[in-house]
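A.B. asks: Sequence and computational prediction follow.
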Amino acid sequence: MTWFLLRRALAFTLTLWVVVSVSFFLMRAVKGGPFDSERELPPAIELALRAQYHLDWPLWKQYLQYLGPLNLDAHGPTWLGGDGSNCLTGLLAGDFGPSLRYRDLSVSEILGASLPISLALGCLALAWSMPAGLLLGCLSALRRGTRTDGAVRALATLGIAVPNFVLAGLLVLVFAFAWPVLPPAGYGELRHLVLPALALGAPVAAYVARLSRSGLLEALAQEWVRCARAKGLSERAVLLRHALRAGLMPVVAYLGPAAAGILTGSLVIEKIFAIPGTGSHFVNGALNRDYTLAMGVTIVYTALVFGLNVLVDLAQAALDPRIASRERA
């Protein structure tokens, strides 16, 4: 287990460095800048703003200053901190820097206020989509070839095919206008998250239903399941004690990236329902060329995806001991 976690930590460090480096240079290669607007700024003010945020430095110098292995000032790079102490700054010190558009706030403050909102929305979406998908998938597998199986498969296909922003519009039309029981947009109370959680979790429930159905059907066809039936075990015991664990393997593999995406919120869903989560800040950061804000959200997304994939690996090893033995080897 220690070797497994060490390898994952080294892989995470390398992955994060590659993501940060590629994102840093790609963002600055795009035409335009954070201070471009419909009303052109006077040249002196724009130069002062660029100097304040060190955007007048060469790219290599901005890159090192953002990472933080060196403390860079007007006199050039130095290993010493601003107070003369030997220290790290920038990203290596956990500092995402100031926002270039929200000039009274740092990126860490923006993420600290918006990330809990996205996590609350994602947890609410997972709380209903996971049980619903598993229940429908198991029901479809146990009643294979029946009308129930056909209905579940059709519903899952519809849930995957219909984009969540289309479903969001339909939910607003039904539950906010035709039958006004829920607010169409905004944030402040739990009921504001009901419609976006339904729209955000619907594709996940559909995928989980299909994956759990196929995984369970494959598990039920194995020899060890037939042997359990031959011993006189009930169908419930065969399902819960033997087949379900193997049938959940495809679902667990899918949940890593899916959970990361749903926990950080959907960019489109947050825009539709006017939810101030990280997704909306990522869109605004990209549109406004707010380099530090877009980089901060990208780093958080990368860390969540990698961390949840590690949890998926651990869950798969717990479900299948053969995976754990291969990891130790």
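C.D. replies: Looks like it arrived, so ask away.
A.B. asks: only C-alpha atoms for contact and neighbour calcs from this point on.
C.D. replies: Noted.
A.B. asks: Where does the prediction get shaky in the stretch 51-200 of the chain?
C.D. replies: 69-89 (pLDDT under 70).
A.B. asks: Now do the helices in it.
C.D. replies: In the stretch 51-200 of the chain, the segments counted as helices under DSSP state H, counting those that start in this stretch are 59-67, 107-142, 147-161, 164-172, 194-220.
A.B. asks: Which strands or helices does the third one pack on?
C.D. replies: Taking 3 or more Cα pairs under 8 Å, 6 or more residues apart in numbering; DSSP states H and E as contact, the helices and strands that helix 147-161 lies on are helix 107-142, helix 194-220.
A.B. asks: mean confidence for the helix or strand that Val19 is a member of?
C.D. replies: Element membership for Val19 (DSSP states H and E) is helix 2-29. The average pLDDT for helix 2-29 rounds to 86.
A.B. asks: circling back to that earlier point, redo the helices and strands packed on helix 147-161 as a markdown table? Include distance to Leu244 and mean neighbour count.
C.D. replies: Shown next, in a markdown table, are the helices and strands packed on helix 147-161 (distance: least, Cα to Cα, whole Å; neighbours: other Cα atoms under 10 Å):
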| stretch | distance to Leu244 | mean neighbour count |
| --- | --- | --- |
| helix 107-142 | 9 | 20 |
| helix 194-220 | 6 | 24 |
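A.B. asks: what would those helices look like in TSV with distance to Asp313?
C.D. replies: Formatted as TSV, these follow (distance: least, Cα to Cα, whole Å):
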stretch	distance to Asp313
helix 107-142	18
helix 194-220	17
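A.B. asks: which one of the ones you listed lies closest to Leu311?
C.D. replies: Evaluated over those, closeness to Leu311 peaks at helix 107-142, with 16.0 Å, by Cα to Cα.
A.B. asks: between that closest one and helix 147-161, how many degrees?
C.D. replies: 160 degrees (axes from the mean of the first three to the mean of the last three Cα atoms, to 10 degrees).
A.B. asks: so what does helix 107-142 touch, helix or strand wise?
C.D. replies: helix 147-161, helix 194-220, helix 249-263, helix 278-287, helix 291-319.
A.B. asks: Of these, which stretch is the most buried?
C.D. replies: Ranked by average neighbour count under the criterion mean count of other Cα atoms under 10 Å, the helices and strands packed on helix 107-142 are headed by helix 194-220 at a mean of 24.
A.B. asks: From the chain's centroid, how far away is that helix?
C.D. replies: In terms of Cα atoms, centre = their mean, to the nearest Å, the centre of helix 194-220 is set 17 Å apart from its chain centre.
A.B. asks: What of stretch 21-37?
C.D. replies: 23 Å.
A.B. asks: just stretch 174-194 next, same as before
C.D. replies: With Cα atoms, centre = their mean, you get 24 Å for stretch 174-194.
A.B. asks: Use 16 as the first number from now on
C.D. replies: All right, first residue 16 from here; so that's stretch 189-209.
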